[in-house]
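**Student:** For reference, the sequence and a predicted model appear below.
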Amino acid sequence: MMILIDGDACSVITKTEQLAKKYNIPCHIYCDTHRILDSNYSEIHIVDHGRDSADFAIVNKCGKNDIVITNDSGLAAMVLAKQSIAINSKGFEYTKQNILSLLTSRHIRSHEVRKTNRNQVKTMRTNIPHNSYTTTLKDAICRTERN
């Protein structure tokens, strides 16, 4: 088991590293060349700049029972297909039961953005309950340690 972080837009790297270190889990951060990251614990993987390049690097590396931290539902869908666990920075866990709805919402939003001026489109907020980020991550770690 390892933790893989989509570092291009992740606000919980420090929290993730603290838990990874506590449970002695390897942690990998993926970002493209436009982001400079430093870590005393995680292994940093810098990929070429390009749309979704860090996402594809994560998908290629993750496997069963790995934990992926991302706010991107598209990436979450791909890692779920590889039997990894996907969590966002607000403590929401992506699952096979909720991913289709999230991807549909994402598609609708992107379609609306193309039809209108980006500044006129309001972000749709979902009323999906979620735990704190650290609680969700701890739960995921405990589940994978049992498997």
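**Tutor:** Arrived safely, thanks for sending. Fair warning: this is a prediction, and the values are worked out from it, not measured in the lab.
**Student:** quick one: Asn65 and Val79 touch, right?
**Tutor:** No. Using Cβ atoms under 8 Å, Asn65 is not in contact with Val79; the gap is 11.2 Å. In this view, the C-beta of every residue, glycine as well, is placed from N, C-alpha and C.
**Student:** out of these two, which sits in the busier spot?
**Tutor:** Counted by other Cβ atoms under 10 Å, Asn65 and Val79 do not tie: Val79 has more neighbours, with 25 against 16.
**Student:** Against which helices or strands is the helix or strand containing that one packed?
**Tutor:** For Val79, the element it lies in under DSSP states H and E is helix 73-81. Secondary-structure packing of helix 73-81 (3 or more Cβ pairs under 8 Å, 6 or more residues apart in numbering; DSSP states H and E): helix 53-61, strand 67-69, strand 85-87, strand 93-94, helix 99-115.
**Student:** which other helices and strands contact the shortest one?
**Tutor:** If you count contacts as 3+ Cβ pairs under 8 Å, 6+ apart, strand 93-94 packs onto helix 73-81, strand 85-87.
**Student:** So, low pLDDT: which residues of the chain?
**Tutor:** Scanning the chain for pLDDT under 70 picks out 106-131, 147.
**Student:** one more time with 50, if that's ok
**Tutor:** Scanning the chain for pLDDT under 50 picks out 121-129.
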